[in-house]
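> coordinates only, sequence not included:
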Ligand SMILES: [Zn+2]
Ligand SMILES: [Zn+2]
C-alpha cells in the first residue's frame, strides 16, 4: 500500500525574513547580508510556486529574483532510506544551466522539481518505505550534478583528470560555491552557523590601528586604499578572532580577504571588487601579468572561465579596465582590450560598451559559446 501525502502546505509555509548584519570593523562599511525569504530555504515547487522562465540561467548559475537558487527532485522514491543515510546515493542538485534544465526548457516538461536556496548542503527529501509503503521524510546531504560542475568549470572541474574531478565532486561545499558567485547577487542565504561574532570588545580600535600603520595598503596585493579605507579589512590568520597578536593579523583589501580560506560569508559587492581592480590597475599592481596572477586577483566567479582560457591558450585578459563612453565610465570585469572583447558580470553597461565598439559576453555565454568567444578574443 502506498500512502500519498500532500506536501503543498509544507512547501507553502513561509518563515519570516531574517536579517543578519555583519560588521568586520567599525570604520569599514558594514557588510549587510539579508537572508532570502524563508520559503526558498525550504524549497518551492517548480511550475506551481515558481515558473521555470523566471529562473535566469544566462550567467551559467541560476538566478531567481536576485537570489542564487538550485533545483532538485525531493522525491527519492523507494531509495529514501539509503538517501537519508548517504545523500550522494540520491538525486542530484542542479546549480547551473545544465543539459537537464535545457531539456526542461525546450520540452516544457519536467517532473516534480523544487527550487531551493540554502548553503548548509542539506535538502528536504521524501519517499516511501519499500516494506510498508509509508511516506518517510527527512533532510539529506544530496550531491551536486556533475554536468553543472562541467558547465561552470567550477574549480576547474572540466579541466581536471578523472580522479581530480571526483575530488571536486566529493569535496563540493555549497557555502563556498555561493561565496564564489556572490558578486552576481545582492545577498547570500543565511549560514547555518552564525558567522561573525566572537570579536573582542577592543577589536575596532586594534583594527583601526593596524590599518593606519599599513597606511591603508593591502598586505597581499599592495593596493593603496587611502581614498577607500572601508575596503581595507583586518584578517585573523589562524581564524581565531580573539587572537589579536600583530603576527596573527593581516591587513587585506576586501578582494584579497575574500580569497582567504573559510570566508564563506564575506560578501564583496561587484562594485567594490571593480573599484579595487581599477585602483590596482592605475597603481600598476598588475604589471607583468600571467594566468597565475590573474587567478590571484580576479573575481572568484570568473575562475571557471579563466581556467578554460588558460587551457585554450587564449591571450591573458586584463582586470580593472575602464572605458569612457561619453560622460560615463564603464568598468569591465574581464577585458581583452586589443580585440575589444569584454566579459561582464552584470549586463547593465553592455550597450554602452557596444557603442564603443566592444563585443560583450555574459559569463554564461562565454562558457557556453566558447568557440565563438575564443574566435573573438584571438
Ligand atoms: Zn545539472
Ligand atoms: Zn589586496
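It's in. Every value quoted in this text rests on a predicted model; they were computed, and no experiment measured them. Numbering: from 1, shown residues only. Ligands and ions are numbered 1, 2, ... in the order given.
> Could you identify the helix or strand that succeeds the longest helix belonging to the chain?
Secondary structure of the chain per DSSP state H: the longest helix is helix 270-282. Downstream of helix 270-282, the first helix or strand assigned by DSSP states H and E is helix 291-297.
> Which SSE is immediately downstream of that next one?
Following helix 291-297 in sequence, per DSSP H and E, is helix 303-311.
> Output the below-cut-off pLDDT ranges for the stretch 251-378 of the chain.
262-265 (pLDDT under 70).
> Around ligand 2, pick out the residues from it.
253, 256 (C-beta under 5 Å from the ion). In this view, the C-beta of every residue, glycine as well, is placed from N, C-alpha and C.
> hmm, try it at 6 Å
Residues of the stretch 251-378 of the chain that fall close to ligand 2, judged by C-beta under 6 Å from the ion: 252, 253, 255, 256.
> contacting residues for the last one?
By C-beta atoms under 8 Å, 6 or more residues apart in numbering, the residues touching residue 256 are 218, 220, 221.
> Hmm, the second one is touching residue 252, no?
In this case it means residue 220. Yes. Counting by C-beta atoms under 8 Å, residue 252 is a contact partner of residue 220 at 5.6 Å.
> and those two? which has more neighbours close in?
Neighbour totals were compared for residue 220 and residue 252, and residue 252 leads with 22 against 18 (other C-beta atoms under 10 Å).
> Can you tell me the SS state at the more buried one?
For residue 252, the secondary-structure state derived from DSSP: H, G, I helix; E, B strand; the rest coil is strand.
> residue contacts, it?
218, 219, 220, 232, 233, 234, 235, 260.
> partner residues bridging it?
residue 233 (DSSP bridges).
> Next one: it from residue 156, what distance?
Taking C-beta to C-beta, to the nearest Å as the measure, residue 252 falls 24 Å from residue 156.
> residue in the stretch 101-250 of the chain nearest to ligand 1?
Closest approach between the stretch 101-250 of the chain and ligand 1, counting by C-beta to the ion: residue 145, at 3.0 Å.
> which ones are touching the closest residue to that residue other than its chain neighbours?
If the residues on either side of it in the chain are set aside, residue 145 comes closest to residue 92, at 4.0 Å by C-beta to C-beta, 6 or more residues apart in numbering. Applying C-beta under 8 Å, 6+ apart, we find residue 92 in contact with 72, 142, 143, 144, 145, 146, 148.
> Columns pLDDT, neighbour count and secondary structure on top of those residues, output as TSV?
Compiled in TSV, these are given as follows (pLDDT from 0 to 100; neighbours: other C-beta atoms under 10 Å; DSSP: H, G, I helix; E, B strand; the rest coil):
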residue	pLDDT	neighbour count	secondary structure
72	95	24	strand
142	95	24	coil
143	94	18	coil
144	96	25	strand
145	96	23	coil
146	95	16	helix
148	96	27	helix
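> Would you mark the buried spots in stretch 165-179?
165, 168, 169, 172, 174, 175, 176, 177, 178, 179 (16 or more other C-beta atoms under 10 Å).
> Using JSON lines, lay out those residues together with distance to ligand 1, secondary structure and pLDDT.
JSON lines is the format used below for the buried residues of stretch 165-179 (distance: C-beta to the ion, whole Å; DSSP: H, G, I helix; E, B strand; the rest coil; pLDDT from 0 to 100):
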{"residue": "165", "distance to ligand 1": "15", "secondary structure": "helix", "pLDDT": "94"}
{"residue": "168", "distance to ligand 1": "14", "secondary structure": "helix", "pLDDT": "94"}
{"residue": "169", "distance to ligand 1": "12", "secondary structure": "helix", "pLDDT": "94"}
{"residue": "172", "distance to ligand 1": "12", "secondary structure": "coil", "pLDDT": "94"}
{"residue": "174", "distance to ligand 1": "14", "secondary structure": "helix", "pLDDT": "89"}
{"residue": "175", "distance to ligand 1": "19", "secondary structure": "helix", "pLDDT": "84"}
{"residue": "176", "distance to ligand 1": "18", "secondary structure": "helix", "pLDDT": "84"}
{"residue": "177", "distance to ligand 1": "13", "secondary structure": "helix", "pLDDT": "89"}
{"residue": "178", "distance to ligand 1": "16", "secondary structure": "helix", "pLDDT": "87"}
{"residue": "179", "distance to ligand 1": "20", "secondary structure": "helix", "pLDDT": "82"}
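> which parts of the chain sit against ligand 1?
94, 98, 100, 145, 147, 148.
> And stretch 71-89, end to end?
17 Å (C-alpha to C-alpha, to the nearest Å).
> got the contact list for that stretch?
7, 43, 46, 55, 62, 90-94, 101, 111-116, 123-130, 136-143, 170.
> Quick one: buried ones out of those residues?
Buried among the contacts of stretch 71-89 (16+ other C-beta under 10 Å): 7, 43, 46, 55, 62, 90-94, 101, 113-116, 123-128, 137-138, 140-143.
> Please report how far the nearest residue to residue 97 once chain neighbours are set aside lies from residue 272.
Nearest non-adjacent residue to residue 97, counting by C-beta to C-beta, 6+ apart: residue 57, 3.0 Å away. Note on residue 57: its distance to residue 272, by C-beta to C-beta, is 26 Å.
> same check, this time on residue 43
32 Å.
> coming back round to it: which ones among the contacts of stretch 71-89 map onto helices?
101, 170.
> ok, which residues in the stretch 101-250 of the chain are in contact with ligand 2?
So the stretch 101-250 of the chain meets ligand 2 at 218, 220, 221, 223 (C-beta under 6 Å from the ion).
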